[in-house]
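> Following is a predicted model, sequence given first.
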Amino acid sequence: MSKARTSLVRTGFVHLALIAYTLVALFPVFLTIINSFKDRASIFRAPLSLPTPSSFSMIGYDTVLRQGDFLTYFQNSFVVTIVSIILTLLFGAMSAFALSEYRFRGNMMLGLYMAIGIMIPIRLGTVAILQGMVAAGLVNTLTALILVYTAQGLPLAIFILSEFMRTVSDDLKNAGRIDGLSEYAIFFRLVLPLVRPAMATVAVFTMIPIWNDLWFPLILAPSEATKTVTLGSQIFIGQFVTNWNAVLAALTLAILPILILYVIFSRQLIRGITSGAVK
Amino acid sequence: MSDAEISDALEVAPIRRSRRWHILVFLFPAFVVYTVVMILPLIETLRLSLYNVVDNQPAFVGLNNFKVLFGDERWAHDFWNALRNNLIFFAIHMCVQNPIGVALAALLSLPKLRFVAFYRTAIFLPTLLSFVVVGFIWKLILSPLWGVAPELLSMIGLKSFFAPWLGRPSTALITVALISVWQYVGIPMMLIYAALLNIPEEVIEAAECDGITGWSQFWKIKLPLVLPAIGIISILTFVGNFNAFDLVYTVQGALAGPDGSTDILGTLLYRVFFGFQLQLGDRSMGATIATVMFLIILTGVSFYLFIVQRRIRRYQF
């Protein structure tokens, strides 16, 4: 009896600690979102209260949508992120398949070579990347960003995907070969569908740093037409520092897509981190 | 397909198989993109650090750029300041982020705890936000103009403790580092949580049979078993911290104020390479700083791969 009670008390403390930290983690985001829907006076008078009918105001969003070209920014971010992910997954899966399936000279060296990029950040080559993009006439284009992000995503994608491809049964692939499937068909029709869960994990891992990156948009594509959401909101907020409604609304707009995607993919992401990444 | 084509294919097939072109086709795109966009620029950057403009002509200057960076009056102060700040930035991460991560993971992995999925999801959320969002949110919260931080502190009776932390040279770096910790604590939490779940039941049961439970079980059994995960987290943090840029740029601007007190290597590289306000961009010195960052990261990663990882005992179950 007393043992049951102490364990109940202990569970209570555990929940208390976890709830406290959850509040610390969520409060700033919550605060930003509720205040973006209030008028200026209420933001300052009662920052912690929810918007009420009397304090509700969309003036911040109004300013953001009129002054900043957020629609373009969102479109740019989507294009860059999605195309980079597709290229990373396709190219990454192809070479992961080659590295894990075939024996050829230099296989291991090539695997190590591709793995350098897992630890060494691509940012360190920025000086020469910019030079190269200038020479290729790609500055201020989304192509430049897509190329950089694809190169950035490939090492980890190849690493994770080749681990998974080793688990695909050889019998299945050999059965395909006996049935006269070409190596390409074996890859696209037999192996790819089987590693789909790993592809989803890689997609989520690649997506977050691309969507959130500030460095490369700032250096390679800062023009108005090619700004991404991250850069766009950075500059917009810098210009509207004193307009708190607009700043809070811009922040909320930048949070929302991630929030929505997280609600959809959180299980996939967390499973990916807790299973694949550690091993 | 016509007969001719089929017989063609039959004749060509054995030759193709021996050449195995498909391996090349599979490897080619990734290899080219990775090499051209990542490896070659990296090598070119390392090479540029050995060159500088002399009499309007690019010329090979050996290690002179490094000598200037480490010793010249105009550069050395900024460089050593940034390096020192970066080390402090990393130390704060190691001392705050890892213990909190381990503690949260230990709580989450308690058996039969409810709402674990909710806590996990909620605590991991900030990790996904961009530095821009995180930086500005905290800038607003900590701003003395908006009464949020003082109001919250007065709730727990610490109102007098409040100060414009981001605006003071003595506290700005610590504050920025803590914001970064707040954002990234989800990663150590998740990795250690996974490692804790991977400890097999038998090990825990054996410990319980020997009377090792509760705290001593955590310290003597579980913590040693998750050391490899803590090693991975440390090296990830190291690499992340030594090329960090976005958060400082967002919160304190490119000058990393107040008075350079939050300047780290990433912001220094940006200012030197790109120029800021009156300072002109300098490609050679930018490449030199990038090379120094590369060497620091390479040293850290090699230290981890060749020394730490070999010393840590791995337990195979």
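Arrived safely. Numbering: from 1, shown residues only, chains lettered A, B, ... in the order given.
> anything in the lengthiest helix in chain A near chain B?
Secondary structure of chain A per DSSP state H: the longest helix is helix A:2-35. Yes - part of helix A:2-35 sits near chain B under the criterion C-beta under 8 Å from any C-beta of the partner chain, namely A:11, A:14-15, A:17-18, A:21-22, A:24-26, A:28-29, A:31-32. Quick note: C-beta positions are derived from backbone N, CA and C, even for glycine.
> With respect to B:L104, which of these is nearest?
A:Y21 (6.2 Å; C-beta to C-beta).
> now the helices for the stretch 151-300 of chain B?
Secondary structure of the stretch 151-300 of chain B (DSSP state H, counting those that start in this stretch): helices at B:169-184, B:186-197, B:201-209, B:214-217, B:223-225, B:227-242, B:246-252, B:265-274, B:283-302.
> can you check the stretch 1-150 of chain A too?
With DSSP H, counting those that start in this stretch as the criterion, the stretch 1-150 of chain A has helices spanning A:2-35, A:40-45, A:59-67, A:70-101, A:107-119, A:126-135, A:142-165.
> Same list, the ones you listed, but as CSV with mean pLDDT, mean neighbour count and distance to A:L259 please.
Conversion of those to CSV gives the following (pLDDT from 0 to 100; neighbours: other C-beta atoms under 10 Å in any protein chain shown; distance: least, C-beta to C-beta, whole Å):
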stretch, mean pLDDT, mean neighbour count, distance to A:L259
helix A:2-35, 86, 14, 8
helix A:40-45, 83, 15, 21
helix A:59-67, 85, 17, 16
helix A:70-101, 94, 21, 14
helix A:107-119, 91, 15, 28
helix A:126-135, 93, 20, 30
helix A:142-165, 93, 24, 22
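> So B:F66 versus A:R123, what's the distance?
Going from B:F66 to A:R123 by C-beta to C-beta, to the nearest Å gives 20 Å.
> By mean pLDDT, show me the worst of the helices of the stretch 151-300 of chain B.
Lowest mean pLDDT within the helices of the stretch 151-300 of chain B: helix B:214-217, at a mean of 83.
> which strands and helices sit next to that one?
Helix B:214-217 is packed against helix B:201-209, with contacts defined by 3 or more C-beta pairs under 8 Å, 6 or more residues apart in numbering or on different chains; DSSP states H and E.
> does chain A sit close to the helix it packs on?
No - on the criterion C-beta under 8 Å from any C-beta, helix B:201-209 is out of touch with chain A, staying 14.7 Å away.
> what are the C-alpha coordinates of that helix, in CSV please?
Taking C-alpha atoms only, helix B:201-209 is exported to CSV below (Å, rounded to 0.1, in the frame of the first residue of the first chain):
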residue,chain,number,x,y,z
GLU,B,201,15.3,-5.9,-20.2
GLU,B,202,17.7,-8.6,-19.0
VAL,B,203,20.4,-6.2,-18.1
ILE,B,204,18.0,-4.1,-15.9
GLU,B,205,16.5,-7.3,-14.4
ALA,B,206,20.0,-8.5,-13.5
ALA,B,207,20.7,-5.2,-11.9
GLU,B,208,17.5,-5.4,-9.9
CYS,B,209,18.4,-8.9,-8.7
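> quick revisit: neighbour count: B:F66 and A:R123, which is higher?
A:R123 (21 against 17; other C-beta atoms under 10 Å in any protein chain shown).
> Please name the residues that touch that one.
A:215, B:243, B:245, B:266 (C-beta atoms under 8 Å, 6 or more residues apart in numbering or on different chains).
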